[in-house]
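[1] turn this into a model:
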Amino acid sequence: MKTVRIIGVPEHFNLPWHLAIEEGAFEDRGIDLVWNDVPEGTGRMCELLKTEEADIAIILTEGIIKSISEGNPVKIAQEYISSPLLWGIHVAQDSDHTSISDLENAPIAISRMGSGSHLMANVHAQNQGWKVDKLQYEIINNLDGAIKAFSEGSTSYFLWEHFTTKPWVEKGVFRRLGDCPTPWPCFVIAVTDQFLTEKSDLLAHILEVINTYTKEFKKIPSIDRTLSNRYEQHLEDIQIWLSKTSWGQQQLAEEVVNEVQKRLHELQLIDHIRKPGYFLNELD
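    This is a model prediction of the structure:
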């Protein structure tokens, strides 16, 4: 049995991995796939890949492209979620901000620099025509940190996945002012160069297993109820989320890599635009 360390956020997108692990699908291929949740998100996962504390990550497209561009020795193996991520735009329940336009000069709560909450806040600001070089940040580490900060009177606004934060909107911790979808497929499977060098033979098996699960995922009987119970979401919310979400089984398109780089470069979040092959792993 060969051990592989994989990381991802503790959110509903990643249930196919957990089902495959629980049902022994990777063990059948001689792989001990060890999953660790990273609630801090993409910025933290980039660090764990860079320090070789993880082999594979299910990670936001824009975050890993930025990290690879800056020298992180990682490659994108393929798409994971091929639909956009719907980022909710939140303020504290008792905030004076009542519309998106009120947020132009407000600080932004982010998990860390280079995280999705940081990068998409820049994309959103650019969409609004705001001066992105004037943005100010409050580091809150993860969703729990945002809940704590907003409960204690933070005047920031906060971007996080719409359905994950919805229970906290209903509890009166957050108030949602709108949404900002990613302009590209939102999650990819990223693999360290070290893993590709030492265990590349395992990658094809891992992708074959997870792609089988994601192709059939929506057809699993009562999968909406399973997701609702497991992630403590309202059934109707899960059903809406499922209708908006699609899983990909192909390599990320070069056009998408170029589009993400172009946007990050415009935002001065990366210094160079590189050829797509710099980011993508091609299986033999």
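[2] so which elements touch the longest helix along the chain?
    In the chain, assigned by DSSP state H, the helix with the most residues is helix 193-216. Helices and strands touching helix 193-216, by 3 or more CB pairs under 8 Å, 6 or more residues apart in numbering; DSSP states H and E, are strand 2-8, helix 15-22, strand 31-37, strand 74-81, strand 187-192. Just so you know, the C-beta spots here come from the backbone N, C-alpha and C atoms, and that holds for glycine as well.
[3] the ones you listed: which one's closest to residue 239?
    helix 15-22 (14.6 Å; CB to CB).
[4] can you list the buried residues in the closest one?
    15, 16, 17, 19, 20, 21 (16 or more other CB atoms under 10 Å).
[5] which two of those residues have the greatest separation?
    Of all pairs drawn from the buried residues of helix 15-22, the one with the longest distance (CB to CB) is 15 and 21, at 10.6 Å.
[6] for the buried residues of helix 15-22, which one is nearest residue 157?
    residue 15 (29.0 Å).
[7] quick one: contacts of the host helix or strand of residue 177?
    Applying DSSP states H and E as the criterion places residue 177 in strand 174-181. Contact with strand 174-181 is made by 84-93, 95, 97-100, 102-103, 120, 123-124, 127, 146, 150, 157-159, 162, 165, 168-169, as judged by CB atoms under 8 Å, 6 or more residues apart in numbering.
[8] just the ones of these in helices?
    120, 123, 124, 127, 146, 150, 162, 165, 168, 169.
[9] which of the residues you listed count as buried?
    Neighbour-count burial (16+ other CB under 10 Å) applied to the ones in helices among the contacts of strand 174-181 gives 120, 123, 124, 146, 150, 162, 165, 168.
[10] okay, the residues you listed in a markdown table with distance to residue 242 next?
    Formatted as a markdown table, these follow (distance: CB to CB, whole Å):
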| residue | distance to residue 242 |
| --- | --- |
| 120 | 22 |
| 123 | 25 |
| 124 | 25 |
| 146 | 25 |
| 150 | 28 |
| 162 | 13 |
| 165 | 18 |
| 168 | 21 |
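[11] any chance of the residues you listed in a markdown table, plus distance to residue 69 and pLDDT?
    Compiled in a markdown table, those are given as follows (distance: CB to CB, whole Å; pLDDT from 0 to 100):
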| residue | distance to residue 69 | pLDDT |
| --- | --- | --- |
| 120 | 17 | 96 |
| 123 | 16 | 96 |
| 124 | 21 | 97 |
| 146 | 27 | 93 |
| 150 | 32 | 93 |
| 162 | 27 | 95 |
| 165 | 29 | 94 |
| 168 | 33 | 93 |
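[12] tell me the one of the residues you listed nearest residue 272?
    residue 123 (19.0 Å).
[13] that closest one contacts residue 262, correct?
    No - using CB atoms under 8 Å as the test, residue 123 is too far from residue 262 to be in contact (11.7 Å).
[14] so how far is residue 95 from the most centrally placed residue in the chain?
    Against the mean C-alpha coordinate of the chain, by CA atoms, centre = their mean, the closest residue is residue 60 at 3.6 Å. Distance of residue 60 to residue 95, computed by CB to CB, to the nearest Å: 26 Å.
[15] report the residue spans of the stretch 1-150 of the chain with pLDDT below the cut-off.
    Nowhere does the stretch 1-150 of the chain drop to pLDDT under 70.
[16] list the residues that contact residue 276.
    The contact partners of residue 276, taken as CB under 8 Å, 6+ apart, are 254, 257, 258.
[17] no, scratch that, I was asking about residue 74
    Contacts of residue 74 by CB under 8 Å, 6+ apart are 46, 49, 50, 64, 67, 68, 190, 191, 192, 193.
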